[in-house]
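Colleague: Sequence and predicted model, in that order:
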Amino acid sequence: MIFSGLWTYEAYAGTAYEEREEIVSSYTQYGSYTYTAPVTKSNPLYTTGTVLEMGKPAYFFAVSPTVDVSFTYRLKATDSANISVKRETVIVATSKEVAEEEGKEDIIFWQKEFPLKSKRAVDIENNEPITETFSINVSEIQSMVKGVQDQLKYPQGATVEIITRVNCEGQVNGKYVNNTKNFAIPLVMGSSYYQMPEELEFNESTALYKKIRAQKDSSLSSVKKPLPIFLLSIVLVGTILSCRKMKKTEPSYIEKLEIEQRCSPFKELVSKGKLPENISSLIRVEISSLQELIDAAVDMNERVIYDTETGVCFIIHSGIIYVFLDNSKEKTNES
């Protein structure tokens, strides 16, 4: 037990090591859009020249068919960044069937890109923003999408997105980086109006890891093997002590237990009780076995009474007490 206890303590308090992944550097790319819709056509709602801000429930083709868009990009690194940034804006129309089961990809029937604007590469440093502006004619986009549907003779609706692809290449936190990130605006078009969301801020973080050897935290999980052995040792010691204590039990108590064990198969015919006080006035007959006492009780239509204090089993019938004494030892308290 001492050995297992020491082993358990050593497993809990001892020094252990494990391999972990630690972030050595990271960077986040941020992209955001703002837009306005100038009123360019005569209408009953707004005067020509009015600028409609973001957040309108809908914009009407008959009022403001064009949208002026501004896109801002920056890269923020934990240490340093010196990168070259290329930007390309396209309109992407897609006709697809949404997957019914989670985890499965949508089925794309057709997809078409319409180039809108490209920008030459610009060098920026850490957390330095760059902004570009462009205009889109939503009426023309609607006509282009409808032209594809008419040629395919497939009039099912298509989803449309304005996507700015940003490619950054250079040194970030002292490491070479070359990746491309898409920033998209969903464009919903009806027969007479179009809709664009108001919240158009995006970010994506990338982390670089390295493996390190670190000291494990002491916890109960580290004592899974020695702890059961230690607990088993305690149980065994407890059992031995219990057995030693049993050896000191009085013989009379053990005899009572033995009689109770013998009576257990006949529990339906045996009741617990006490020897009567007038036992001396009864005729006493000693029975040599418990089985014979049970048989006699059945013949006399009586129940066997078991006195737990004296350990005596007996029957009283017609002024006669029939007694079973284990090993022929006198256990009655005659008065």
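Modeller: Received the coordinates, thanks.

Colleague: Residue 280: what secondary structure?
Modeller: helix (DSSP: H, G, I helix; E, B strand; the rest coil).

Colleague: correction: residue 295
Modeller: Three-state secondary structure (criterion: three-state DSSP) places residue 295 in helix.

Colleague: per-residue confidence for it?
Modeller: Predicted confidence (pLDDT) for residue 295: 87.

Colleague: again with the one 4 residues further on
Modeller: Here, the pLDDT recorded for residue 299 equals 87.

Colleague: In three-state terms, label it for me.
Modeller: In three-state terms, and counting by three-state DSSP, residue 299 is helix.

Colleague: which residue ranges form the helices in the stretch 101-250 of the chain?
Modeller: Assigned by DSSP state H, counting those that start in this stretch, the helices in the stretch 101-250 of the chain fall at 138-152, 226-247.

Colleague: how much does the biggest strand by length in the chain deviate in direction from helix 138-152?
Modeller: Selection of the longest strand in the chain by residue count, based on DSSP state E, yields strand 17-38. Angle, strand 17-38 to helix 138-152, by axes from the mean of the first three to the mean of the last three CA atoms, to 10 degrees: 100 degrees.

Colleague: Tell me which other helices or strands strand 17-38 touches.
Modeller: Packed against strand 17-38 by the contact rule (3 or more CB pairs under 8 Å, 6 or more residues apart in numbering; DSSP states H and E) you find strand 51-52, strand 66-77, strand 159-172, strand 175-189, strand 201-215. Every residue, glycine included, has its C-beta placed from N, CA and C.

Colleague: can you list those in CSV and add mean neighbour count?
Modeller: Converted to CSV, the helices and strands packed on strand 17-38 look like this (neighbours: other CB atoms under 10 Å):
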stretch, mean neighbour count
strand 51-52, 14
strand 66-77, 20
strand 159-172, 18
strand 175-189, 15
strand 201-215, 12
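
Colleague: who touches the closest residue to residue 111 other than its chain neighbours in this structure?
Modeller: Among residues not flanking residue 111 along the chain, residue 94 sits closest, at 4.6 Å (CB to CB, 6 or more residues apart in numbering). Taking CB atoms under 8 Å, 6 or more residues apart in numbering as the contact definition, residue 94 lies against 108, 110, 111, 112, 158, 159, 160, 161.
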